[in-house]
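Colleague: here is a sequence with its predicted model. Questions after.
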Amino acid sequence: MNDNLTAGTPAPLTQVAETTNNPSPRTLELAKNWSEDVKRLVETGRLVEMRELLEEVSQTLGPSDKLAYWQRIFAKPKKLPSTPASSVGNHANVAWIRRQSRPYYGQWVALREGVLLGANDDPNALRQQLQEAGTYPGAVFIKIGG
Amino acid sequence: MAYLYEKENHHWVTWNGGSNVFYPFHEDAPGEILIIGIECIFPLLKDTAVEIALLDTGAQYSVVGRNSYAAWSQILQPTGDVIKMSTRRGLIKGVLERLEISLVADIGESLNLETVFFLSEEWTGPTVIGFSTLAQMRMALDPFYPNPAAEPGRFLFGQ
């Protein structure tokens, strides 16, 4: 508002335009803080509030690169086509576990593509054993019987 | 069982599209045990391999593990704001990105999703499948398939 205007005096057109376009306190606050506010809400897991804030920013301030980023990240999930099962090595490991794990119940075993590389009560000792034998890379460690 | 069923209009239909074993107490690195490990793969990474990720329903976001991060950083230029995330290894900085992930099946179909992942060069742990992925899918764990002594358990999933 122009404080110099007296009551009843028509304001010049330019001054009217400035008055109409004056941003509200909330708009000014949003423009200053929204990005940090979104980050804070994302970091603290308050995603419902974060989405509401993004919507308000979108309507109040309009598009921006930063807003587009956050909208893209938290957009609705994109469904992708499924693909046929492909876990071949795992099949072999599972087959070994099904057929041959009973004597090792309670122990840790190391497997690679259905081949037993070692077994031990202590996973660290088993790892050491494999490292010494040069068979550690690619080994899968499983405790039989949980 | 490898499939679960639900009733839909008086008919039983499969609840999940695929399943795989899960790895209880999987040793991901020396001294680092994943309580529940599941097989996953990032299909867009070149020369990618199946990795065993930590299934963590308590983690807000999925996290790219140390090995895959190196590969992602070759092809991805994150543009987002750096955020801080509290992890069991302390507070780390990184960015959020949407990435394609495939949960690998040995029976049925692998489940492919594009979900939000946290990428951080400060994260030295495994890939974590957290709630930003799990909230977009159905999943179940059956620790007794087919019996407790013979198999580590089965992870069933679908959309």
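Modeller: Right, received. Where do you want to start?
Colleague: alpha carbons only for contacts and neighbour counts from here, please
Modeller: Fine.
Colleague: interface residues of chain B facing chain A?
Modeller: Contacts of chain B with chain A, taken as Cα under 8 Å from any Cα of the partner chain, map to B:18, B:21, B:23-27, B:30-31, B:60, B:79-81, B:83-85, B:96-98, B:104-116, B:136, B:148-152.
Colleague: of those, just the buried ones, PyMOL syntax please.
Modeller: A single PyMOL command is used to select the members of these judged buried by 16 or more other Cα atoms under 10 Å in any protein chain shown:
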select buried, chain B and resi 18+21+23+24+25+26+27+60+80+81+83+84+85+96+97+98+104+105+106+107+108+109+110+111+112+113+114+115+116+136+149+150+151+152
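Colleague: low pLDDT regions in chain A?
Modeller: Regions of chain A meeting the criterion pLDDT under 70 cover residues A:1-21, A:86-91, A:98, A:145-146.
Colleague: how is it carved up into domains?
Modeller: For chain A, the structural domains run A:13-73, A:88-143, going by automatic domain parsing.
Colleague: how about the longest one and chain B, touching?
Modeller: What it means is domain A:13-73. Yes. Using Cα under 8 Å from any Cα, a contact is recorded between domain A:13-73 and chain B, made by A:39, A:43, A:45, A:66, A:69-70, A:73.
Colleague: who wins on neighbours among the residues you listed?
Modeller: In terms of neighbours by other Cα atoms under 10 Å in any protein chain shown, the residues of domain A:13-73 next to chain B top out with A:Trp70 at 21 neighbours.
Colleague: about what we covered before: so which of the residues of domain A:13-73 next to chain B are in strands?
Modeller: Counting by DSSP state E, no part of these is found in strands.
Colleague: need these in JSON lines with distance to A:Ile144, can you?
Modeller: Written out in JSON lines, the entries for the residues of domain A:13-73 next to chain B read as follows (distance: Cα to Cα, whole Å):
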{"residue": "A:Lys39", "distance to A:Ile144": "43"}
{"residue": "A:Glu43", "distance to A:Ile144": "38"}
{"residue": "A:Gly45", "distance to A:Ile144": "37"}
{"residue": "A:Lys66", "distance to A:Ile144": "49"}
{"residue": "A:Tyr69", "distance to A:Ile144": "45"}
{"residue": "A:Trp70", "distance to A:Ile144": "44"}
{"residue": "A:Ile73", "distance to A:Ile144": "40"}
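Colleague: what's the most distant pair in those residues?
Modeller: The largest distance within those, taken as Cα to Cα, falls between A:Gly45 and A:Lys66 and amounts to 19.2 Å.
Colleague: okay, the domains of chain A, which one's buried deepest?
Modeller: Greatest average neighbour count among the domains of chain A goes to domain A:88-143 (a mean of 17), per mean count of other Cα atoms under 10 Å in any protein chain shown.
Colleague: circling back: which among the domains of chain A is found nearest to B:Ser73?
Modeller: Shortest separation from B:Ser73 across the domains of chain A is recorded for domain A:13-73, at 17.9 Å, computed as Cα to Cα.
Colleague: how distant is that closest one from the center of its chain?
Modeller: Centroid displacement of domain A:13-73 relative to its chain, using Cα atoms, centre = their mean, to the nearest Å, is 22 Å.
Colleague: hmm, back to that, format the domains of chain A as CSV; extra columns: distance to B:Ala53.
Modeller: What follows is the domains of chain A, written out as CSV (distance: least, Cα to Cα, whole Å):
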stretch, distance to B:Ala53
domain A:13-73, 22
domain A:88-143, 12
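Colleague: for the residue positioned nearest the centre of chain B, give me its contacts.
Modeller: Centroid-nearest residue in chain B: B:Ile129, 3.5 Å away (criterion: Cα atoms, centre = their mean). When contacts are counted by Cα atoms under 8 Å, 6 or more residues apart in numbering or on different chains, B:Ile129 is found next to B:53-57, B:59, B:61-63.
Colleague: among these, which one sits closest to chain A?
Modeller: Chain A has its nearest neighbour among the contacts of B:Ile129 in B:Tyr61, at 9.3 Å by Cα to the nearest Cα.
Colleague: all helices for chain A, in order.
Modeller: Remark: helices assigned in chain A by DSSP state H are A:13-21, A:25-43, A:47-61, A:65-73, A:88-100, A:123-133.
Colleague: same question for chain B.
Modeller: B:66-75, B:131-134.
Colleague: tell me which of the ones you listed lies nearest to A:Glu52.
Modeller: Comparison of those against A:Glu52 by Cα to Cα identifies helix B:131-134 as nearest, at 18.2 Å.
Colleague: got the contact list for that closest one?
Modeller: Taking Cα under 8 Å, 6+ apart as the criterion, the residues outside helix B:131-134 that touch it are B:56-62, B:113, B:115-117.
Colleague: one more: stretch B:5-14?
Modeller: Outside stretch B:5-14, the residues touching it (Cα under 8 Å, 6+ apart) are B:3-4, B:15-16.
Colleague: contacting residues around B:Ala71?
Modeller: Taking Cα under 8 Å, 6+ apart as the contact definition, B:Ala71 lies against B:45-46.
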